[in-house]
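Asker: show me how the following folds:
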Amino acid sequence: NTASLDELRQLPGIGPSIAQRLLDARPFEGPEDLRRVPGLGEAAIQRLTPFLDFASTAPGAEPAAAPSPEVPLEVDASPAAEAPAPSRRTTPSPRPPYTRSETLWLVAGSAVASFLLSMILTLAILAGINGTLNFGRHQTVRRLESALASAQQTLDSTTGSLQGVSRRLEALEGLSGRMNTVQEQVAELRGEMDQALANVEAMETSLSSLQEEARVLSQQVGRFDAFLEGLLQLLGAVAPTPTPAP
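Answerer: This next block holds a predicted model:
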C-alpha cells in the first residue's frame, strides 16, 4: 500500500499499466483483494504474494511512533540482498512473439503437412476400395480402355470415310467446272440457233413476199396474154387470112 510506481514495476509480472491500476485501487487488505485489479489472475497474485505486506499503513494515515518489526517488504534491485523465501517460485521469462517470417514458415509447413496427410489418406482409401493402387488392373479401367480403343477405331474409320468424301467432292468440283464450260457453250449454241431461226423466219417472210410478187406478176402476164389473144382475134377479123392459090 506504500510502494511507489517504480517499485511496483520491479515486481515480477507487473508492467506499467498494471502498476498504475494497483496505485488507483489502493488500499488493499489482503491478497484476495488484489482480484479487484483488472489484468491480475490467480497465478500472478500467487507470484506476488511473497513480496507483499498488507499490514503497512496507507499513504494518508498517521505514521507509527516506532518502526514495526514487520517493515514493508520492498523489492530490491539486487536479488542477493534478500533472503530467499522457500515458497518463492522463479517466474519464467516471457517467450518473445513469433516474427513474420516464422509465422509464414509455420503456415507453409502446416499447409504442406495437411496436403501430405490428405494425399496419404486418399491413397489409403483408394487402396482399401480397389485393393491396389495400380488402376490399370481394375475391371472398370479395362472396360474403359477397351471402349476407348473401339471409339478410336470408329474415329479412324470415320476419318477415312470423310477423306473419301472429300476426294469425291474435289472430283465433283472439277466436274462442276467442266459442266460450267459446257453450259456456257450450250448457251452460245442456243444464241446461235436463235439467230439462225430468226434468219430463217426473215427468209420465210422474204419468200412469202416473192411468192406474192410472182402471183401478181403471173396475173399480169395472164392478162397480157389475154390481151394479145384478143388482139390477134381482132386482127384476124379485120384482115382475113388469105387462102393459098391452087
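
Asker: how far does stretch 156-176 sit from its chain's centre?
Answerer: A distance of 37 Å separates the C-alpha centroid of stretch 156-176 from that of its chain, computed with Cα atoms, centre = their mean, to the nearest Å.

Asker: residues of it that come out buried?
Answerer: Judged by neighbour count using 16 or more other Cβ atoms under 10 Å, stretch 156-176 contains no buried positions. Every residue, glycine included, has its C-beta placed from N, CA and C.

Asker: who's in contact with it?
Answerer: By Cβ atoms under 8 Å, 6 or more residues apart in numbering, no surrounding residue is in contact with stretch 156-176.

Asker: now do the strands in this structure.
Answerer: According to DSSP state E, the chain carries no segments that qualify as strands.

Asker: walk me through the domains of it.
Answerer: Domain assignment of the chain by automatic domain parsing yields the ranges 5-58+69-76, 110-135, 137-236.

Asker: quick check: mean pLDDT of the second one?
Answerer: Mean pLDDT, computed over domain 110-135, is 81.

Asker: ditto for stretch 43-52
Answerer: Averaged over stretch 43-52, pLDDT sits at 79.

Asker: can you check stretch 19-32 too?
Answerer: If you average the pLDDT over stretch 19-32, you get 80.

Asker: what's in contact with it?
Answerer: If you take Cβ under 8 Å, 6+ apart as the criterion, stretch 19-32 is touched by 1, 5, 8-9, 11, 14, 34, 36-39, 45, 48-49, 52, 54, 58.

Asker: low pLDDT regions in this structure?
Answerer: When residues are selected by pLDDT under 70, those of the chain lie in 1, 54-98, 130-141, 239-246.

Asker: the same query, at a cut-off of 50, please.
Answerer: Where the chain drops to pLDDT under 50, the residues are 57-89.

Asker: run through the helices of it in chain order.
Answerer: Assigned helices in the chain, in chain order: 5-9, 16-25, 42-48, 100-130, 139-238 (criterion: DSSP state H).

Asker: list phi and psi for residue 4.
Answerer: Reported as degrees, to the nearest 10, the phi and psi values for residue 4 are phi -80, psi 180.

Asker: ok, how many other residues are close to it?
Answerer: Residue 4 is surrounded by 12 other residues when neighbours are defined as other Cβ atoms under 10 Å.
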